[in-house]
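> okay, structure incoming, though there's no sequence with it:
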């Protein structure tokens, strides 16, 4: 499907709706949304061109109305969501553009290229071009199906941006709060030019807004404060000169209706002075695209949660991109989603895309009806409204982190402090340097912290043979040998992604263990990713271990698993060729134990164990052992033979004197051939059926050719009658063996649970 084809309207299959769709609800919801966003539009308009001139507030407000109308129409025509989602100009986006204007004005080349009266139109084109870049970026992200990429911005970086923009907006409104255009006008030649009346109106607006938020929750608090402040100015004009009360916003420009500015933008882009401005414009556009996309996807996620639907992130980014493209071409402001407004319009009854058209129509009517009203709003009152709306923009998570810093202890407190460091760093850089430097520094800090955490958490734990053994029943002599040499086998459990930032800690742990251990097992059961750097570092570790004449085994990997295939493809195929890859840690541990026992001279599988060495016969004399052996029947089985089958009702006990056998799950399931326990020469099996009288619960398969001595229930009854002393000792020893096995199985369960 092409990008253009994917922009055609579509209707995803929603989950069962909780309420029936209604045109009335969409109309009311769309109109409600328009009323709710009015304070935001006014705030955005007051900020967007503040970096150019304080006299452009009216033009900024007109641009905000243009953008809100266009984005609503685009969302209604092409939006893929079934719930009305508000996409409107944001004050934080306006602050980014205001910062861009400040940066551009500070460049000597701009002043010389666009002198005098040509500077303001050029700066307007700078803003519109940055919005244009933002729209193209969003559209391309959606068309390339990279909608999820924008979600990868770390939360501390995003929080720092939000707080930085909020502070930047508040600081930028201080002159307006005093009824002046620039901070430099506070004092000239030692003479204060400030009048107390604009500040008084601003304070009245702030206080009224806060009281309204508490007592008049049905009406947007900024609207109440704005109304009271404007009325106070009109009342004061009867007693105080209007000049002392501070200037008004003034009438909206007659061209507030969308104007086609594409040719102006193209002409500016082809002008001689554009190249010197290309980098800050591009960087600002990309930053706008990132912030706008994240806010839009959050808003749509809110809609999904409310209406129980599922959205298409790529489709929504394309819609948002087209909205910003058209807004730039028509002289509008940048826009993004608003989760809070989305919740409000849902509560008002909006359910379908028709609400977008109702919202657009309401915006047009409000722009026409409120044009003269907006002209009467004092600059100081508007500045107070911007401040009061911006106070709600501060990141709530940051406040929670500060609270957690006081109440949390230990490692969690360090983690909170690290997050706050990133947030505060980004916040300061947004204000002092700019969004681009803040983004680069914040992402770099987040990346370094990620590498540190990844390295710190890549090793889950280290187990040695004494703490973790294979699920193998061995002779007492073998157990004793393994216990005495337990430090010679170590298992390192890894987790997460194994890449250049995390594999170093694994190698450090491995090298520390190899100072004592001769067999090292790396367990990949919890590894989610391995990259080429990780694979090559493991290869170097493997080569170094071979030079020490030690063994490196790999567990938790199927031989055809993606990790193994990838390691083979990048040149680390020695483990595969040398059969050092095992599906489970138990299999790798079993081989390490076998090789260690062989190194110690206990060769188990190729040696026939005498009956006197069996733990079950412990405490019996040679004569009693000989009498017991007369009750046994010797049997030989080739490899892969079934000694015991699931469901059989025989109750014989088998003493394994030569070879290996394994317990496997019966039935027809996918785990049928999975070894869950092993028996080696010198051990017995089958005793549970003898004692319980229940059918067999698993298969026992000969892994090699084996020799067993079978004690049938009939022979055991005969032994009980003829030699009760032997039978009693056998039962005691059986109880001890089963208790030991129970302890071992409990340890296995504990390890698996961990």
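Happy to help now that I have it. On a predicted model such as this, the values are computed, not experimentally measured, just so you know. Numbering: from 1, shown residues only.

> and the strand or helix carrying residue 70, what's its mean pLDDT?
Assigned by DSSP states H and E, residue 70 falls within helix 57-78. The pLDDT scores in helix 57-78 average 85.

> what does stretch 564-580 give?
pLDDT averaged over stretch 564-580 gives 91.

> outside of that stretch, which residues touch it?
For stretch 564-580, the external contacting residues (Cβ atoms under 8 Å, 6 or more residues apart in numbering) are 530, 532, 535-536, 538-539, 542, 551-554, 557-559, 581. Placement of C-beta: from N, CA and C, glycine included.

> mind checking which of the residues you listed land in strands?
Counting by DSSP state E, the part of the contacts of stretch 564-580 found in strands is 530, 551-554.

> so which pair among these is furthest apart in space?
Greatest spatial distance among the ones in strands among the contacts of stretch 564-580 (Cβ to Cβ): 530 and 551, at 20.6 Å.

> out of the two, which sits in the more crowded spot?
The neighbour comparison of residue 530 against residue 551 (other Cβ atoms under 10 Å) goes to residue 530, with 23 against 20.

> residue contacts, residue 676?
Counted by Cβ under 8 Å, 6+ apart, residue 676 has contacts 471, 662-665, 698.

> so what's it scoring on pLDDT?
On pLDDT, residue 676 comes in at 79.

> distance of it relative to residue 58?
Residue 676 is 78 Å from residue 58, where distance means Cβ to Cβ, to the nearest Å.

> quick one: contacts for the closest residue to residue 246 other than its chain neighbours?
For residue 246, ignoring the flanking residues on the chain, the nearest one in space by Cβ to Cβ, 6 or more residues apart in numbering is residue 179 at 3.0 Å. Listed by Cβ under 8 Å, 6+ apart, the contact partners of residue 179 are 194-195, 197-199, 245-247, 378-380.

> if we use 7 Å, what do you get?
By Cβ atoms under 7 Å, 6 or more residues apart in numbering, the contact set of residue 179 is 195, 198, 246-247, 379-380.

> now flag whichever of those residues is closest to residue 213.
residue 380 (20.0 Å).

> any idea which element the closest one lies in?
Going by DSSP H and E, residue 380 is in helix 379-391.

> quick one: that helix to helix 57-78, angle?
Taking axes from the mean of the first three to the mean of the last three Cα atoms, to 10 degrees, one finds helix 379-391 and helix 57-78 inclined to each other by 40 degrees.

> flag every buried residue along the helix or strand just after helix 379-391.
Sequence order places helix 396-407 as the next helix or strand after helix 379-391, per DSSP H and E. Using 16 or more other Cβ atoms under 10 Å as the test for burial, helix 396-407 gives 398, 401, 404.

> stretch 57-74 now?
In stretch 57-74, counting by 16+ other Cβ under 10 Å, buried: 57-74.

> quick one: that stretch to chain centroid distance?
34 Å (Cα atoms, centre = their mean, to the nearest Å).

> give me the contacts around that stretch.
The contact list for stretch 57-74 (Cβ under 7 Å, 6+ apart) reads 37, 41-42, 44-46, 48-49, 87-89, 249-253, 256, 258, 319, 322-323, 326-327, 330-333, 335, 356, 359-360, 363-364, 367, 374, 379, 382.

> one more: stretch 277-292?
Here stretch 277-292 makes contact (Cβ under 7 Å, 6+ apart) with 92-93, 96, 100, 103-104, 110, 126, 129-131, 133-134, 137-138, 150, 153, 161, 320, 324, 334-336, 435-436, 439.

> inside helices: which ones of the residues you listed?
With helices defined by DSSP state H, the entries of the contacts of stretch 277-292 inside them are 92-93, 96, 100, 103-104, 110, 126, 129-131, 133-134, 137-138, 161, 320, 324, 435-436, 439.

> give the closest residue to residue 687 in space, chain neighbours not counted.
residue 653 (5.2 Å).

> can you tell me how far the one you found is from residue 696?
Distance from residue 653 to residue 696, counting by Cβ to Cβ: 12 Å.

> how about residue 247?
Separation of residue 247 from residue 696 (Cβ to Cβ) stands at 95 Å.

> before we move on, the earlier item: and the residue nearest to residue 246, which of the three is it?
Recorded secondary structure, residue 179: coil (DSSP: H, G, I helix; E, B strand; the rest coil).

> pLDDT score assigned to it?
pLDDT for residue 179: 75.

> gap between stretch 369-382 and the chain center?
For stretch 369-382, the distance to the chain centre is 44 Å (Cα atoms, centre = their mean).

> ah, wrong one, I meant stretch 45-63
When distances are taken as Cα atoms, centre = their mean, stretch 45-63 is centred 37 Å away from the chain's centroid.

> got it, and stretch 491-507?
From the chain centre to the centre of stretch 491-507 is a distance of 20 Å (Cα atoms, centre = their mean).

> ranges for the strands of the stretch 651-754 of the chain?
653-658, 660-664, 675-680, 683-685, 699-702, 706-711 (DSSP state E, counting those that start in this stretch).

> where do the domain boundaries of the protein fall?
If you go by automatic domain parsing, the domain ranges for the chain are 21-182+193-411, 464-602, 611-753.

> need the contacts of residue 676 in JSON lines (columns: distance to residue 207).
Listed next are the contacts of residue 676 as JSON lines, based on distance: Cβ to Cβ, whole Å:
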{"residue": "471", "distance to residue 207": "73"}
{"residue": "662", "distance to residue 207": "80"}
{"residue": "663", "distance to residue 207": "78"}
{"residue": "664", "distance to residue 207": "78"}
{"residue": "665", "distance to residue 207": "74"}
{"residue": "698", "distance to residue 207": "78"}
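
> save the residues you listed as CSV, and put in pLDDT, neighbour count and distance to residue 709 too.
Listed next are the contacts of residue 676 as CSV, based on pLDDT from 0 to 100; neighbours: other Cβ atoms under 10 Å; distance: Cβ to Cβ, whole Å:
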residue, pLDDT, neighbour count, distance to residue 709
471, 79, 20, 23
662, 89, 21, 19
663, 89, 20, 19
664, 85, 18, 22
665, 76, 16, 26
698, 86, 19, 21
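
> ok, the residue nearest to residue 139 when sequence neighbours are not counted - contacts?
Nearest residue to residue 139, sequence neighbours excluded (Cβ to Cβ, 6+ apart): residue 321, at 3.1 Å. Residue 321 makes contacts with 135-136, 138-139, 142, as judged by Cβ under 7 Å, 6+ apart.

> return the residues in contact with the nearest residue to residue 645 once chain neighbours are set aside.
Nearest non-adjacent residue to residue 645, counting by Cβ to Cβ, 6+ apart: residue 699, 5.7 Å away. Contact analysis of residue 699 by Cβ under 7 Å, 6+ apart lists 642, 644-646, 664, 666.
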